[in-house]
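*Asks:* Curious how this folds, go ahead:
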Amino acid sequence: MRQTTRQRASSLGLAILLTALPSAAMALELDGRALGFLWALPFIGILLSIALLPLLATHTWEHHQGKIAAAWGLLVLVPMALILGPSTALHALVHTALLEYIPFILLLLALFTVAGGIVVRGNIHGAPVANTALLALGTLLASLIGTTGASMVMIRPVMRANDNRRHNVHVIVFFIFLVSNIGGSLTPLGDPPLFLGFLRGVDFFWTTQNLWRETLFVSGVLLATFFLLDWVIYRKEGVSRPDPTPDTEVSVAGGINFPLLAIIIGAILMSATVDLGRIAVLGSDVELANVLRDLVMIAVALTSLARTPKRYRLENGFSWGPIQEVAKLFAGIFITIIPVLAMLRAGSDGVFAPLVALVSHADGSPNNAAYFWLAGGLSSFLDNAPTYLVFFELAGGDPQHLMRAGAVTLTAVSAGAVFMGANSYIGNAPNFMVYAIARGGGVRMPSFFGYLMWSSTILLPVFLLTTLIFF
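*Replies:* Numbering: from 1, shown residues only. Below you'll find the model as predicted:
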């Protein structure tokens, strides 16, 4: 995108937002009650860009995604500085960067680097019992090293186990369901939405204590369904093709990364329980325990790089591309969501009053089934991390209330965002990564709409049962 195009986009955004505001004489702090809906357009724009451009303009997206994200971010920051004042824009930017974006990216960087140094070697025969066990193991790992990390560690062993199978597409599809999504629902390490909740004040083990039933039910039903499907296919296949990777003893290399993973968990728990004081940075209070946690994340990533042999990362097909893409796109997302969150905090007094009504019963109590399906439905096609934030704020945004009186509502939002990220290739970051790795390895993966047929047939009935039982 050329600079002149960006300038024109910023000018257009400013003109539009001027017409959306009731008055230019607004307080320095963002008041969601006074913001017009058009302030939300950059946020909607960047989410649609992430969802559609990889499919409609692949080359342009691959080469200019950072510029596109920056342009959407400028459509918020420039009007905010000109209309509300530079101090308001600077405060909003610094607050978002220091308290949310930087901790979020550093955790992903640490997990991504550590997981990329763990290599699973060897091969087992991809029979139904073995495949189900591999998927179950990956599902458990996802809450410890993140859905991206677990997907990176497990996808190649799963592909090797089934590379002599005539029909192995279903194995990778269920891998995306379980390892790349649903398995990450038990800790803030598992999936980005839950870590954003942790940064907003949700206790580290709250998700473990409150989502284990839903996670056990959904993953159990899916693993049982997979076993039956794989057993039927396996029996029909008869004699398999010659195995390009004969069965060998399974081993794990890169052991230095396991204690590093423990250090990551310890640093997060420390930041949630220890008070080391705080400092003010351009109007934002930054807790020193959180600063220490973020420094630990950097140290862990550097240690993993220094102490893990380079050949291990080569065996994993490790590259920095995915984390670079996440860093660029989420910079834009975190900026464009600033006015959206302010409007959501306004509740029924803001422009999102109809959405508040949609997730509320007539007596004002939360409609938890609506929270589950709306958070999940949007997470199916838009990134599930900002979708989680939207509904977190819509539910009141007070972590203490949501963890206690609103526990079922927060459970519904969390489960919807994490579980239904599996509904499409673009619902969660690891989905498309697994798709690309599998295609590169010769698996005839379904198209975008073909995958939707799989998820609609298998996942939606399971989510409907989840709603009837839990929400």
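*Asks:* going forward, measure contacts between C-alpha atoms and count neighbours the same way
*Replies:* OK.
*Asks:* what's the straight distance from one end of stretch 302-320 to the other?
*Replies:* Terminal residues of stretch 302-320 lie 14 Å apart, using Cα to Cα, to the nearest Å.
*Asks:* so for it, what's the average pLDDT?
*Replies:* Summarised as a single mean, pLDDT over stretch 302-320 is 89.
*Asks:* ok, and for it, which residues are buried?
*Replies:* Across stretch 302-320, burial judged by 16 or more other Cα atoms under 10 Å covers 303-305, 308, 312-313, 316, 318.
*Asks:* Looking at these, which one is closest to Phe43?
*Replies:* For the buried residues of stretch 302-320, the residue nearest Phe43 by Cα to Cα is Phe318; the value is 30.9 Å.
*Asks:* ok but the closest one is inside a helix, no?
*Replies:* No. In this structure, Phe318 is coil, not part of a helix, as judged by DSSP: H, G, I helix; E, B strand; the rest coil.
*Asks:* Show me the two of the buried residues of stretch 302-320 that sit farthest apart.
*Replies:* The most widely separated members of these are Thr303 and Asn316, with 18.1 Å between them, by Cα to Cα.
*Asks:* Which of the buried residues of stretch 302-320 sits closest to Ile335?
*Replies:* Relative to Ile335, the closest of these is Phe318; by Cα to Cα it sits at 29.1 Å.
*Asks:* The closest one - nearest residue in space that isn't next to it in sequence?
*Replies:* Nearest non-adjacent residue to Phe318, counting by Cα to Cα, 6 or more residues apart in numbering: Gly116, 6.0 Å away.
*Asks:* could you measure that neighbour against Leu109, distance?
*Replies:* Here the criterion is Cα to Cα. By it, Gly116 lies 10 Å from Leu109.
*Asks:* likewise Glu100?
*Replies:* The spacing between Glu100 and Leu109, counted by Cα to Cα, is 14 Å.
*Asks:* Equivalent analysis for Met154, please.
*Replies:* To Leu109, Met154 is 19 Å away according to Cα to Cα.
*Asks:* residues in contact with stretch 54-62?
*Replies:* For stretch 54-62, contacts defined as Cα atoms under 8 Å, 6 or more residues apart in numbering pick out Leu53.
*Asks:* Would you mark the buried spots in it?
*Replies:* Of all the residues in stretch 54-62, those buried under the rule 16+ other Cα under 10 Å are Trp61.
*Asks:* starting at the chain centroid, how far to it?
*Replies:* Mean-position distance between stretch 54-62 and its chain equals 21 Å (Cα atoms, centre = their mean, to the nearest Å).
*Asks:* about what we covered before: okay if I get the buried residues of stretch 302-320 as a markdown table plus distance to Met159?
*Replies:* A markdown table is the format used below for these (distance: Cα to Cα, whole Å):
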| residue | distance to Met159 |
| --- | --- |
| Thr303 | 29 |
| Ser304 | 26 |
| Leu305 | 26 |
| Thr308 | 24 |
| Tyr312 | 18 |
| Arg313 | 18 |
| Asn316 | 13 |
| Phe318 | 16 |
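*Asks:* which ones among the residues you listed are found in helices?
*Replies:* Secondary structure assignment by DSSP state H places 303-305, 312-313 of the buried residues of stretch 302-320 in helices.
*Asks:* Tell me which of Glu100 and Leu109 has more neighbours.
*Replies:* Leu109 (21 against 16; other Cα atoms under 10 Å).
*Asks:* What helix or strand is that one located in?
*Replies:* Of the helices and strands defined by DSSP states H and E, Leu109 is found in helix 102-116.
*Asks:* again with Thr466
*Replies:* In this structure, Thr466 sits in helix 448-470 according to DSSP H and E.
*Asks:* low-scoring stretches of this protein, by residue?
*Replies:* Low-confidence segments of the chain, defined by pLDDT under 70, span residues 1-29, 238-248, 382.
*Asks:* any idea how far the spatially most central residue of it is from Leu75?
*Replies:* Note on the chain: the residue nearest the mean C-alpha position is Pro192, at 4.0 Å, using Cα atoms, centre = their mean. Per Cα to Cα, Pro192 is found 25 Å from Leu75.
*Asks:* in the stretch 201-350 of the chain, which spans are strands?
*Replies:* Remark: strands assigned in the stretch 201-350 of the chain by DSSP state E, counting those that start in this stretch are 248-253, 278-281, 284-287.
*Asks:* mind checking which of those strands is nearest Ala224?
*Replies:* So among the strands of the stretch 201-350 of the chain, strand 248-253 is nearest, using Cα to Cα, at 24.5 Å.
*Asks:* what's in contact with that closest one?
*Replies:* So strand 248-253 is in contact with 118-124, 312, going by Cα under 8 Å, 6+ apart.
*Asks:* What pairs with it, parallel or antiparallel?
*Replies:* Counting by DSSP bridges, the strands paired with strand 248-253 are strand 119-123 (antiparallel).
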